[in-house]
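Visitor: What follows is a predicted protein model with its sequence.
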Amino acid sequence: MTTMTDTSNAARFREFKMPDVGEGLTEAEILKWFVQPGDTVTDGQVVCEVETAKAAVELPIPFDGVVHELRFAEGVTVDVGQVIIAVDVAPGSGDEAPVAAEPAPAAAAVPEAEPEAEAPKGRQPVLVGYGVAESSTKRRARKGTESAPAAASAAIQGEMNGHGPSAVPEARPLAKPPVRKLAKDLGIDLATVTPTGEGGVITREDVHAAATPTPAPAPVQAEAPAPVVAPVPVAAGARETRIPVKGVRKAIAQAMVGSAFTAPHVTEFVTVDVTRTMKLVAELKEDKDMAGVRVNPLLIIAKALLVAIKRNPEVNAAWDEANQEIVQKHYVNLGIAAATPRGLIVPNIKDAHEQTLPQLAASLGELVSTAREGKTSPAAMAGGTVTITNVGVFGVDTGTPILNPGESAILAVGAIKLQPWVHKGKVKPRQVTTLALSFDHRLVDGELGSKVLADVAAILEQPKRLITWG
């Protein structure tokens, strides 16, 4: 029986649930709380930072009040849809008895329905970058605690935010983006795969098992330790340290394995004299039109790659395994591999082919600074077409880079060093670097890949080709 105290308590306390902060993501780790119980919060204030398989994201609270309870500690991985914080939206309006009853399971179920039913009357909170979370609405509907009009309203709001009717997401198999990519590359329909992951999530092993008649129980069991929250403290003199694989590191591992064993890689190399390019960089640093932006060799290399793609557009494509099609892209979202404290990420510059040199310089500067601060959004890392990885900053001559999943090519740039070089018939000290281009041999033949790499090298040797070819 619902008492008046229960009802007022439900109206007084509101719960904020872990939203879906990226396409298909099912969990996130709480990195840091910015508030504590008793702190006053306002609509839109960032209360915590979470890390998904793609990036670190700050979460704003969608209402005003006083923090009543933090449901999870820092370092804990939380499923999408779980309550992470409770807020007293009417502090001082009652005695302490309702507050003490708040953590009880019976009372916790009430606030899930009441505040959500009132939300459409005022501001519908939308978290920047990922819209309104749907999972909370779907779970209440299954419990039977939401009325038909409220469910219909939630479905309409979901469509307005681009999520579609609530019935559609329920029918979609649960799987993380790298797993969906693997299934697509192998031609596997996720709807036919039997999930073995926690909560009905389809794992990579499930996809491989569906692709081959031989079961692979060992790899499935090997994933069991993954939910470990934190590494065991290392004793003095210990010879080993075990670190849980999660977040960005887990996503990197899955993406690299999926790419390496799905796309047949070919890597070609060329060593080039970039002395003229380095002179151009020095001149551009003094150019008033480039004031306020960072000018470095990577800027000219990026522009050279864009011109090479313009001259060889077939290289800018993707392989669609499900439809057995090659998808040629008429735009270039240029990815830049960035090393961050949380691991490697590859944000990309949208429609980089349309940008002028000053605009490209500004985009590169913003991309790098955002990545270093750990503020890169999942959207900034989606939809890349080709990538540049600058291993030269570490003093490395070159490498054999692995393709970013879904892309056709990746250019590795080695360290620029002063070396003896034959120039105009004489051996002279010149600034030289080695370029390496890896490409998907399903999409790119050796001739095409060679042309692209040769064009990039030719531009860096004679930067005036940016004008004559661009």
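Guide: Yep, that arrived. Worth saying up front: this structure is predicted, and the values here are computed from it rather than measured. Numbers count the residues shown, from 1 in each chain.
Visitor: Spatially, which residue comes closest to R311, not counting chain neighbours?
Guide: D455 (5.7 Å; C-beta to C-beta, 6 or more residues apart in numbering). For glycine as for every other residue, the C-beta is placed from the backbone atoms N, C-alpha and C.
Visitor: per-residue pLDDT, the one you found?
Guide: pLDDT for D455: 98.
Visitor: Which elements pack onto the one helix or strand it maps to?
Guide: When elements are assigned from DSSP states H and E, D455 belongs to helix 446-461. Counting contacts by 3 or more C-beta pairs under 8 Å, 6 or more residues apart in numbering; DSSP states H and E, helix 446-461 packs against strand 265-273, helix 275-285, helix 297-311, strand 409-413, strand 426-440, helix 465-468.
Visitor: Give the buried residues for the shortest one.
Guide: Spelled out, it's helix 465-468. For helix 465-468, the neighbour count (16 or more other C-beta atoms under 10 Å) marks 465-466 as buried.
Visitor: same thing with stretch 288-305?
Guide: For stretch 288-305, using 16+ other C-beta under 10 Å, the buried residues are 290, 293, 295-305.
Visitor: possible to save the residues you listed as a markdown table with distance to P358?
Guide: Below are those laid out as a markdown table (distance: C-beta to C-beta, whole Å):
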| residue | distance to P358 |
| --- | --- |
| M290 | 6 |
| V293 | 6 |
| V295 | 9 |
| N296 | 14 |
| P297 | 16 |
| L298 | 15 |
| L299 | 10 |
| I300 | 13 |
| I301 | 16 |
| A302 | 13 |
| K303 | 11 |
| A304 | 16 |
| L305 | 18 |
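Visitor: Which residue ranges of the stretch 201-350 of the chain form strands?
Guide: Applying DSSP state E, counting those that start in this stretch to the stretch 201-350 of the chain gives strands spanning 201-202, 265-273, 317-320, 325-328, 334-336, 338-340, 343-345, 348-349.
Visitor: could those strands be laid out in JSON lines, adding mean pLDDT and distance to D397?
Guide: Putting the strands of the stretch 201-350 of the chain into JSON lines (pLDDT from 0 to 100; distance: least, C-beta to C-beta, whole Å) gives the following:
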{"stretch": "strand 201-202", "mean pLDDT": "81", "distance to D397": "41"}
{"stretch": "strand 265-273", "mean pLDDT": "95", "distance to D397": "9"}
{"stretch": "strand 317-320", "mean pLDDT": "92", "distance to D397": "29"}
{"stretch": "strand 325-328", "mean pLDDT": "93", "distance to D397": "33"}
{"stretch": "strand 334-336", "mean pLDDT": "96", "distance to D397": "20"}
{"stretch": "strand 338-340", "mean pLDDT": "84", "distance to D397": "18"}
{"stretch": "strand 343-345", "mean pLDDT": "81", "distance to D397": "20"}
{"stretch": "strand 348-349", "mean pLDDT": "96", "distance to D397": "26"}
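Visitor: if we compare those, which one ends up closest to Q359?
Guide: The minimum distance between Q359 and those falls on strand 348-349, with 9.4 Å, by C-beta to C-beta.
Visitor: Quick check: neighbours of that closest one in the sheet, parallel or antiparallel?
Guide: Paired with strand 348-349 in the same sheet, following DSSP bridges, are strand 334-336 (antiparallel).
Visitor: A175: how many residues sit nearby?
Guide: As a burial measure, A175 scores 24 neighbours (other C-beta atoms under 10 Å).
Visitor: Q462: which of the strands of the stretch 201-350 of the chain is closest?
Guide: strand 265-273 (9.7 Å).
Visitor: Keeping just the C-alphas, turn the closest one into CSV.
Guide: What follows is strand 265-273, C-alpha atoms only, in CSV (Å, rounded to 0.1, in the frame of the first residue of the first chain):
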residue,chain,number,x,y,z
HIS,A,265,47.0,-5.5,-45.0
VAL,A,266,49.7,-4.4,-47.5
THR,A,267,52.3,-1.9,-46.4
GLU,A,268,54.6,0.1,-48.8
PHE,A,269,57.5,2.4,-47.9
VAL,A,270,59.2,5.3,-49.5
THR,A,271,62.1,7.5,-48.2
VAL,A,272,61.8,11.2,-49.3
ASP,A,273,63.8,14.4,-49.0
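Visitor: which strands and helices sit next to that strand?
Guide: By 3+ C-beta pairs under 8 Å, 6+ apart, strand 265-273 packs against strand 426-440, helix 446-461.
Visitor: Please point out which parts of the last one sit buried.
Guide: Neighbour counts using 16+ other C-beta under 10 Å place 448-460 of helix 446-461 among the buried residues.
Visitor: Let me see the contact set for the residue nearest to L435 when sequence neighbours are not counted.
Guide: Nearest residue to L435, sequence neighbours excluded (C-beta to C-beta, 6+ apart): V270, at 5.3 Å. Contacts for V270 (C-beta atoms under 8 Å, 6 or more residues apart in numbering) come out as 434-435, 453-454, 457.
Visitor: let's go with 6 Å and repeat that
Guide: 435, 453, 457 (C-beta atoms under 6 Å, 6 or more residues apart in numbering).
Visitor: which among the residues you listed gets closest to T40?
Guide: L435 (55.2 Å).
Visitor: Report pLDDT for that closest one.
Guide: Reading off the model, L435 has pLDDT 97.
Visitor: Quick check, pLDDT for K464.
Guide: pLDDT at K464 comes out at 95.
Visitor: Tell me how far it lies from K279.
Guide: 11 Å (C-beta to C-beta, to the nearest Å).
Visitor: next one: L364
Guide: Taking C-beta to C-beta, one finds L364 at 20 Å from K279.
Visitor: Tell me which residues touch the closest residue to T194 other than its chain neighbours, please.
Guide: Closest residue to T194 apart from its sequence neighbours, by C-beta to C-beta, 6+ apart: D206 at 6.5 Å. D206 makes contact with 193, 195-196, according to C-beta under 6 Å, 6+ apart.
Visitor: so where is the stretch 1-150 of the chain shaky, pLDDT-wise?
Guide: For the stretch 1-150 of the chain, applying pLDDT under 70 flags the ranges 1-10, 21-25, 53-54, 93-150.
Visitor: Tell me how many other residues crowd the nearest residue to A90 once chain neighbours are set aside.
Guide: Closest residue in space to A90, ignoring its immediate chain neighbours: R12 at 4.7 Å, by C-beta to C-beta, 6+ apart. Neighbours of R12 under the rule other C-beta under 10 Å: 22.
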